[in-house]
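**Student:** Here is the input, now give the coordinates:
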Amino acid sequence: MALLVALTGCAADPEASGESSGETGTGTAAEVTTAASAAAESSSTTLEIPPGSPTFYEDVLPVIAAQCMGCHTPGGIGVFDLADYEIAKTLASALTAQTAVRAMPPFVASNTGECNTFTDARWLTDDEIDLFARWEQAGAPQGDASLPRPVPPTADGLVGEEILALRSPADYVPVADDAGGADDYQCFLVDPEVVDTARYLIGYEVAPGNPAVTHHLIGFLVDPEGTTPFGGTNGSLMASLDAASPDQLGWDCYGAAGNGVLVQGTPVTWAPGGGAFNFPEGTGIRIDPGYQLVLQMHYNLAAGQEAAQTEVRLSMVDEVEREAVNALDDRFLATLFNGTSVEIPPGESSFVWKWQAPIREWDSRISGWEKVEILGMLPHMHGLGRRMQVTIHSGDTEQCGIYVDRWDFNWQQAFMYETPIVVSPSDQLEIVCDWDTSAKDTPTTPGLGTGNEMCLLGIYVAEAK
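**Tutor:** Got it, this is the predicted structure:
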């Protein structure tokens, strides 16, 4: 069964942890700096540092450089610069609390190894988490400020000889979607220029025009001639959505590529700190002639409304060793069209719904394979999501596919396995979604909009070698 409609965008209990909403900081950089200066000036005594205590420059800053400075750097989405000792000292308690519950660095899937490990994981070790706590308990000592500053790791470059650069409009000015809000989800249509024969995407890189404002980007693959669940084609629907806001470029698209737009996959996902993403060697996503990309941009207006042109670089080739299938399915969403009445009741701190299907039903091409290599997964829910568990059932055995233990809509991404999982096309994937509706007083139904919910799983798979 194909997906009929589009998707968007050491685990502690999120309710007990006070989990982050996905924002990377509180207050402006100037406010944090002012607070840090005031704290430093008010300190009239020099605290004695307990022997063996970690210090900022020797111990803490190297971890910050490696794990945090993709966002928390001058001009970044993280608002404040954590490499500044006075700022980090003022935030020592928050750093301890946020790292302890793994709200920061933001990585919504468990990477402990109990349910796989993933490439490029923003994941602190237990020792690194303990380091922040011990540093705070010692009074956040500075240490030797003359030491050379650690350099954040350099991301791998984009592989390939033919790179196509696609850009969002240069003169777009973000506007909050809701009155008084600070978020703008806007979609722009771009052309990957596949004309006569299919080509393959083997990697991508995103260069945000204004890193302080650009929160994340999702690229949806769309067939303009494809028929939507509501009638008409994707092309005509997107034109109508664009025309509905003549004073703005693009169209509003919280949670989707546009309400009702049918997508064929999400080959591009990016969040701050992400560098070039090269697909597993020898694999690529097929892009058929005429297909286009919808770039969903999430702008965070807390840092301003400056126009910012984002560039998406696609590495394209004519052929690959193995065509990868990037497929989506959501049987919760499908209840809108199969006559099943489903809704999530209000006032529930945890409401669970699950569905199950054989892997071959994600895409008809999988049925012809003897073995399937699962290279990665893309979980997706909306704002009420808490957790998602994917279990792979093979006969009488089962294994964990992915465990999203602290879902955050603002930090969704695809998760690629360090060790791919080989299964049969007939093996089943069980998806369990858990939502929190405690703040709602009306039921929530499946759908693409802000007030709806989804229980979607995307898979990136290829025929096993």
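**Student:** Three-state assignment for residue 136, please.
**Tutor:** helix (DSSP: H, G, I helix; E, B strand; the rest coil).
**Student:** again with residue 88
**Tutor:** Following three-state DSSP, residue 88 is assigned to helix.
**Student:** residues near it, how many?
**Tutor:** Applying other C-beta atoms under 10 Å, we find 26 residues neighbouring residue 88. C-beta: built from backbone N, CA, C; applies to glycine.
**Student:** need the contact list for the nearest residue to it once chain neighbours are set aside.
**Tutor:** Excluding the flanking residues, the one nearest residue 88 by C-beta to C-beta, 6 or more residues apart in numbering is residue 82, at 5.3 Å. By C-beta atoms under 8 Å, 6 or more residues apart in numbering, the contact set of residue 82 is 64, 68, 69, 72, 73, 88, 91, 95.
**Student:** so where does the last one fall, helix or strand?
**Tutor:** Using DSSP states H and E, the element containing residue 95 is helix 92-100.
**Student:** which of the contacts of residue 82 are buried?
**Tutor:** 64, 68, 69, 72, 73, 88, 91, 95 (16 or more other C-beta atoms under 10 Å).
**Student:** hang on, the earlier thing: relative to residue 99, how far out is the residue nearest to residue 88?
**Tutor:** In this view, residue 82 and residue 99 are 12 Å apart by C-beta to C-beta, to the nearest Å.
**Student:** got it, and residue 250?
**Tutor:** Counting by C-beta to C-beta, the gap from residue 250 to residue 99 is 37 Å.
**Student:** same check, this time on residue 434
**Tutor:** Separation of residue 434 from residue 99 (C-beta to C-beta) stands at 24 Å.
**Student:** got it, and residue 323?
**Tutor:** To residue 99, residue 323 is 40 Å away according to C-beta to C-beta.
**Student:** Comparing those two, which residue is more hemmed in?
**Tutor:** Higher neighbour count among residue 323 and residue 99: residue 99, with 22 against 15, using other C-beta under 10 Å.
**Student:** Ramachandran coordinates for the residue nearest to the spatial centre of the chain?
**Tutor:** In the chain, the C-alpha nearest the mean C-alpha coordinate belongs to residue 412, at 2.3 Å (C-alpha atoms, centre = their mean). Dihedral pair for residue 412: phi -70, psi 150, per degrees, to the nearest 10.
**Student:** swap in residue 142?
**Tutor:** The phi/psi pair for residue 142 (degrees, to the nearest 10) is phi -80, psi -50.
**Student:** what do you get for residue 64?
**Tutor:** phi -60, psi -40.
**Student:** how near is residue 310 to residue 215?
**Tutor:** 11 Å.
**Student:** Domain ranges for the protein, per the record?
**Tutor:** As assigned by automatic domain parsing, the chain contains the domains 14-42+50-137, 166-320.
**Student:** tell me the contacts of residue 225?
**Tutor:** 233, 234, 235, 290.
**Student:** Please pick the buried ones from those.
**Tutor:** Buried among the contacts of residue 225 (16+ other C-beta under 10 Å): 234, 235.
**Student:** hang on, the earlier thing: out of the contacts of residue 82, which one has the weakest pLDDT?
**Tutor:** On pLDDT alone, residue 73 ranks lowest of these, at 81.
**Student:** Give me the packing partners of whichever strand or helix holds residue 402, helices and strands only.
**Tutor:** Per DSSP H and E: residue 402 is located in strand 397-404. The contact analysis (3 or more C-beta pairs under 8 Å, 6 or more residues apart in numbering; DSSP states H and E) places strand 397-404 against strand 372-380, strand 385-394, strand 415-423.
**Student:** again, only using 10 Å
**Tutor:** Applying 3 or more C-beta pairs under 10 Å, 6 or more residues apart in numbering; DSSP states H and E, one finds that strand 397-404 contacts strand 372-380, strand 385-394, strand 415-423, strand 428-435, strand 456-463.
**Student:** of all the ones you listed, which lies closest to residue 408?
**Tutor:** Proximity to residue 408, assessed across the helices and strands packed on strand 397-404 by C-beta to C-beta, is greatest for strand 385-394 (8.3 Å).
**Student:** can you give me the helices in this protein?
**Tutor:** 14-17, 29-42, 61-67, 85-90, 92-100, 126-137, 234-243, 331-334 (DSSP state H).
**Student:** quick one: which of residue 310 and residue 215 has more around it?
**Tutor:** With neighbours defined as other C-beta under 10 Å, residue 310 and residue 215 compare such that residue 215 has more, 28 against 24.
**Student:** how much space between that one and residue 134?
**Tutor:** 32 Å.
**Student:** Same question for residue 188.
**Tutor:** Taking C-beta to C-beta, one finds residue 188 at 47 Å from residue 134.
**Student:** How about residue 147?
**Tutor:** Per C-beta to C-beta, residue 147 is found 19 Å from residue 134.
**Student:** got it, and residue 309?
**Tutor:** Per C-beta to C-beta, residue 309 is found 44 Å from residue 134.
**Student:** Listing request: residues of the protein with sub-threshold pLDDT.
**Tutor:** Judged against pLDDT under 70, the low-scoring parts of the chain cover residues 1-47, 77, 155, 179-180, 255, 272-274, 307, 448-450.
**Student:** re earlier: ok, which pair from the contacts of residue 82 is furthest apart?
**Tutor:** The span of the contacts of residue 82, defined through C-beta to C-beta, is set by 73 and 95 at 15.4 Å.
**Student:** Measure how buried the residue nearest to residue 345 when sequence neighbours are not counted is and give me the count.
**Tutor:** Nearest residue to residue 345, sequence neighbours excluded (C-beta to C-beta, 6+ apart): residue 443, at 5.8 Å. Each residue near residue 443 was counted by other C-beta under 10 Å, and the total is 11.
**Student:** try residue 421
**Tutor:** 20.
**Student:** For the helix holding residue 95, buried residues please.
**Tutor:** In helix 92-100, the ones that count as buried by 16+ other C-beta under 10 Å are 92, 95, 96, 97, 98, 99, 100.
**Student:** Among the residues you listed, which one lies nearest to residue 334?
**Tutor:** Distance to residue 334, by C-beta to C-beta, is smallest for residue 98 among the buried residues of helix 92-100, at 37.0 Å.
**Student:** measure that closest one to residue 413 for me?
**Tutor:** For residue 98, the distance to residue 413 - C-beta to C-beta - is 19 Å.
**Student:** Repeat that for residue 238.
**Tutor:** For residue 238 relative to residue 413 (C-beta to C-beta), the value is 24 Å.
**Student:** All good on my end, thank you.
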